[in-house]
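1. Sharing a model prediction with you, sequence too.
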Amino acid sequence: QVQLVESGGGLVQAGGSLRLSCRASGRSSSIYVMGWFRQAPGKDREFAAAMHRWSGGNTYYTDSVKGRFTISRDNAKNTVYLQMNSLKPEDTAVYYCAVSGRTNIETTTSAYDYWGQGTQVTVSS
């Protein structure tokens, strides 16, 4: 079992920045990919970004966040981060941390084994 605890959400004006954190505990050695998804009201949960925990830390982003969001990790702390810059009102959502024991980065929710509780990000116009 892996437990994930997110923090860092909040209310920010358009153009502002937030940094989300997600700390893993439990069987964290089984984690190969760490990612972030988001779910806006009335919409499906969608992929935002993910990275390999090892192997050079390859990253992958959905097109709508490329150039604005940066995913990173600190393996010593079992923590993954999502730095979000130039935030837009359409980025408003609950953001979820997720981890996978698969070796490939995938963008579907079914590919991830454990999920955090979610943290609200609200961007005002």
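-> Thanks, I have it.

2. quick one: low-confidence ranges for the protein?
-> The model of the chain has no residue with pLDDT under 70.

3. And the strands in it?
-> Secondary structure of the chain, counting by DSSP state E: strands at 2-7, 10-13, 18-26, 33-39, 46-52, 59-61, 69-74, 79-84, 93-100, 114-115, 119-124.

4. closest to residue 107 out of the ones you listed?
-> strand 46-52 (3.9 Å; Cβ to Cβ). Every C-beta, even on glycine, is put in place using the N, C-alpha and C of the backbone.

5. what's the angle between that closest one and strand 69-74?
-> Angle between the axes of strand 46-52 and strand 69-74 is 40 degrees (criterion: axes from the mean of the first three to the mean of the last three Cα atoms, to 10 degrees).

6. Next, the buried residues of strand 46-52.
-> 47-52 (16 or more other Cβ atoms under 10 Å).

7. Name the residues that touch that strand?
-> 32-39, 57-62, 65, 69, 71-73, 80, 82, 95, 105-109 (Cβ atoms under 8 Å, 6 or more residues apart in numbering).

8. Mind checking which residue lies nearest the centre of the protein?
-> For the chain, the residue nearest the mean C-alpha position is residue 36 (2.0 Å; Cα atoms, centre = their mean).

9. what is it paired to in the beta sheet?
-> residue 49, residue 97 (DSSP bridges).

10. is it true that it touches residue 95?
-> Yes - shown here, residue 36 and residue 95 form a contact pair, counting by Cβ atoms under 8 Å, at 6.0 Å.
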